[in-house]
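[1] Mind looking at a prediction? Sequence and model below.
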Amino acid sequence: MKETIHVNIGSWAFTIDEDAYHVLRDYFEDIRRRLPEDDETLADIEARMAEIFQERLSSPMRVISLEMVRAAMTQMGAPSDFGERIDEPIRPAEPDSPIRKLYRSRSNRSIAGVCGGLGAFFGIDATMVRLLTLLFFLFGGLSLWAYIILWIVLPEEPVAEININKTKKH
């Protein structure tokens, strides 16, 4: 006994075997990675796939099997026929060195987050940065104006984005 899934392919509702669904989903995902940011082309490919399934199904109650999906994929062509994969941007020569940016901290702040941001940037404890800053203030090595200028010039740390509508990819 196999589980079935109800799917919408090219604006047509179908019932499909679970294993056939996974193969078809991977096929569409592979094609999507080979197309430029053009949703219309992928929609046309899905619509053609739906037409092929409509031709092969004798009644709306039949379920699309793995064999039907493989036959339709053969008729449509391999994903490599749609071009090279463009899902990964070209990386610089050293991919392990991320670009570090200096921000004022949102979470580790006493006054404006300047010391917390400096601590995060240099990878040291913000309390140590605060103590050093206090010592420099007291002994004349750093003026209050330098702190105020950093407060004004440094952007605040970006808020982490959470997308509740993002679907889980398998």
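    Nice, thanks for sending it over. Please read these numbers as outputs of a predicted model, since none were measured by experiment.
[2] quick one: the most far-flung residue of the chain relative to its centre from D125, how far?
    Going by CA atoms, centre = their mean, the residue of the chain most distant from its centre is F139, 48.7 Å out. Applying CB to CB, to the nearest Å, the value for F139 to D125 is 21 Å. Bear in mind the C-beta positions are built from the backbone N, C-alpha and C, glycine included.
[3] Next: V153.
    From V153 to D125 the distance is 23 Å (CB to CB).
[4] same question, A72
    60 Å.
[5] now swap in E156 and tell me
    20 Å.
[6] now do T133
    Remark: distance between T133 and D125 (CB to CB) = 13 Å.
[7] More neighbours: which of these two?
    Remark: of T133 and D125, T133 carries more neighbours, 17 against 13, as counted by other CB atoms under 10 Å.
[8] So that one is in contact with G116, correct?
    No - using CB atoms under 8 Å, T133 makes no contact with G116, being 11.1 Å away.
[9] any weak-confidence spans in the chain?
    The model of the chain has pLDDT under 70 over residues 1, 38-39, 60-61, 86-98, 160-170.
[10] What are the boundaries of the helices in the protein?
    Secondary structure of the chain by DSSP state H: the helices cover 18-34, 39-56, 66-76, 114-122, 126-138, 144-153.
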